[in-house]
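Asker: Any chance you could fold what I've pasted below:
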Amino acid sequence: MNKKATTRLIGLFILAGLLAGMTLAVQARGQSAPGVYHVYLPMIKIQNKGKSPTPTASGNCSAVVLTKGPTLIYTGDNTKMRVFWQWTSNATFQMQWGTGTTYTTGSASVNPSNTSTHLYTYDISGLTPGTKYNYRVVTGSQCSSGTFYSAPVAGATSVKFVSYGDTRTNGSIHNGIAGQVVSLYKADPAFQTFNINVGDWVSSDSDSTWMSEWFASSYTNLRTQDANLADIGIRGNHEGGATFWKQYWPEPFQSGGLYWSMDYGPVHVAFMDAYTAYNAGSAQYNWLKADLAASTKIWKFVVIHEPGWSAGGGHANNTTVQNDLQPLFVQYGVSILFAGHNHYYARGSVNGVTHLTLGGGGAPQYTPASGQPNMVVISKSYSFGEFTVSGNTLTAKVVNNSGATIDTFTITK
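Answerer: Numbers count the residues shown, from 1 in each chain. The predicted model follows:
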């Protein structure tokens, strides 16, 4: 190569380098605006230094198992959904969501809400009620995802949901129940709403217990359920002071206790705290009375860990529920009391109020006693309930962990 050609070649390389360093207005697709030029340098790669860039809304990312979550938390607003998760360190995540897998509806940067424990919480807002959304949390090139349906419009006349609790101790059994719930909402997406959890989520108030009994990476069904369906419930006696439960499920509790209520389409649900006073004249009792009186929903439910009427064999009937709360249930048209505490399934009926014990989520089983007052059906089994509200009719089916139906019933208003 002669000297003139060599000089020309060097000049071309210098020009290419200058072009690579310039800030160029480039349109990815379509016709360029006037004065905007496309410059293609196919052999030149420009790398960002340090942390990998967060993928764009339509970009790909590799699935990762987070320390905890992502977990859905419904707080009573049909235009919002809260998501909780935990990571191994403090980082900046991207929350991305949309009505499809391009996640184009919204995106937000999320820093840890607790830097010492690396916990993250984000409220996805501006949702259209009754709409399916995809979401994912992204850090670097890794992500974890799920879907949910926003709660229906206030005037909705139908809804489906599930209920069970007392999942403590035997996480593998609970994981099996969760697998049945996942199969249920995959077959019938109308069930992708919420689980009324009747308490005793884990056996003690410690992070290690939550990791071994709820958030273990081996509980793939439970992780899938919580990423796609909201667990909404109460604390049981095994949550103790509920230090960790309050961190993971921060609902809009009333001051002075862990109780609150919500509307979800045609139903109103009051979640009570069995470990804050609720006898007649107490603050929680007065709140419940006012809450039930104010609700105009056709269907009213109350959730408390300790049942008023159950089948014995583990814990006796709660006389405060019988003597103080039951009259409120009758007066204000409560259809069902959801409870647990006894580790089996039982259904009772008292003055038009159905009393359910749905404690078959995985805790060591108790043997129900026969001949207990007001009992209609009892079953020593691991199980969960499926509930369908349609207008003035509620139908229920309770299924054990072998898939067999152990009870069905209908309530008409």
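
Asker: use CA for all of it now, contacts and neighbours both
Answerer: Will do.

Asker: Averaged pLDDT, the strand or helix carrying residue 182. What do you get?
Answerer: In the assignment (DSSP states H and E), residue 182 maps to helix 171-187. For helix 171-187, mean pLDDT rounds to 98.

Asker: Okay, buried residues for that helix please.
Answerer: The neighbour-count check on helix 171-187 (16 or more other CA atoms under 10 Å) flags 171-182, 184-185 as buried.

Asker: Enumerate every residue touching the closest residue to residue 87 other than its chain neighbours.
Answerer: Of all residues not flanking residue 87 in the chain, residue 67 sits nearest, at 5.2 Å (CA to CA, 6 or more residues apart in numbering). When contacts are counted by CA atoms under 8 Å, 6 or more residues apart in numbering, residue 67 touches 85-88, 215, 217.

Asker: With residue 217 as the reference, measure out to residue 67.
Answerer: As judged by CA to CA, to the nearest Å, residue 67 and residue 217 stand 8 Å apart.

Asker: what does residue 69 give?
Answerer: Residue 69 is 10 Å from residue 217, by CA to CA.

Asker: Residue 308 contacts residue 317, correct?
Answerer: Yes. Contact status for residue 308 versus residue 317: in contact at 5.1 Å, counting by CA atoms under 8 Å.

Asker: Compare these two and say which one has the larger neighbour count.
Answerer: residue 308 (23 against 17; other CA atoms under 10 Å).

Asker: any idea how far the more buried one lies from residue 350?
Answerer: The value you get for residue 308 to residue 350, if CA to CA is used, is 10 Å.

Asker: Residue 95 versus residue 143, what's the distance?
Answerer: In terms of CA to CA, residue 143 sits 10 Å off from residue 95.

Asker: One more: residue 330?
Answerer: Relative to residue 95, and taking CA to CA, residue 330 is found at 45 Å.

Asker: In PyMOL, how would I pick out whichever of the contacts of residue 67 are buried, leaving the exposed ones unselected?
Answerer: This is how PyMOL selects the buried members of the contacts of residue 67, with burial counted by 16+ other CA under 10 Å:
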select buried, resi 85+86+87+215+217
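
Asker: hmm, back to that, quickly list what's touching both of residue 69 and residue 217.
Answerer: Joint contacts of residue 69 and residue 217 (CA under 8 Å, 6+ apart) are residue 223.

Asker: could you pull out the helices for the stretch 101-250 of the chain?
Answerer: 171-187, 207-213, 220-228, 243-248 (DSSP state H, counting those that start in this stretch).

Asker: how about those helices in TSV, adding distance to residue 235?
Answerer: Shown next, in TSV, are the helices of the stretch 101-250 of the chain (distance: least, CA to CA, whole Å):
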stretch	distance to residue 235
helix 171-187	17
helix 207-213	14
helix 220-228	17
helix 243-248	8
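
Asker: returning to what we had before: what's the overlap in contacts for residue 143 and residue 95?
Answerer: With CA under 8 Å, 6+ apart as the test, residue 143 and residue 95 both reach 136-137.

Asker: Between those two, which is the more surrounded one?
Answerer: residue 95 (24 against 21).

Asker: so which strand or helix has that one?
Answerer: Counting by DSSP H and E, residue 95 is found in strand 93-98.

Asker: Name the nearest residue to residue 262, sequence neighbours excluded.
Answerer: residue 76 (5.1 Å).

Asker: Contact partners for the residue nearest to residue 210 when sequence neighbours are not counted?
Answerer: Spatial nearest neighbour of residue 210, chain neighbours left out: residue 202 (6.4 Å); criterion: CA to CA, 6+ apart. Applying CA under 8 Å, 6+ apart to residue 202 gives the contacts 166-169, 209-210, 213-214, 238-239.

Asker: Any chance of those in a markdown table with neighbour count and distance to residue 147 as columns?
Answerer: Listed next are the contacts of residue 202 as a markdown table, based on neighbours: other CA atoms under 10 Å; distance: CA to CA, whole Å:
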| residue | neighbour count | distance to residue 147 |
| --- | --- | --- |
| 166 | 32 | 26 |
| 167 | 29 | 24 |
| 168 | 24 | 26 |
| 169 | 21 | 28 |
| 209 | 16 | 27 |
| 210 | 20 | 23 |
| 213 | 22 | 24 |
| 214 | 24 | 20 |
| 238 | 17 | 30 |
| 239 | 21 | 28 |
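
Asker: how close does residue 332 get to residue 292?
Answerer: As judged by CA to CA, residue 332 and residue 292 stand 6 Å apart.

Asker: least trustworthy helix or strand in this protein by mean pLDDT?
Answerer: helix 3-21 (a mean of 44; mean pLDDT, DSSP states H and E).

Asker: any idea which helix or strand comes after that helix?
Answerer: With DSSP H and E, the next secondary element past helix 3-21 is strand 62-63.
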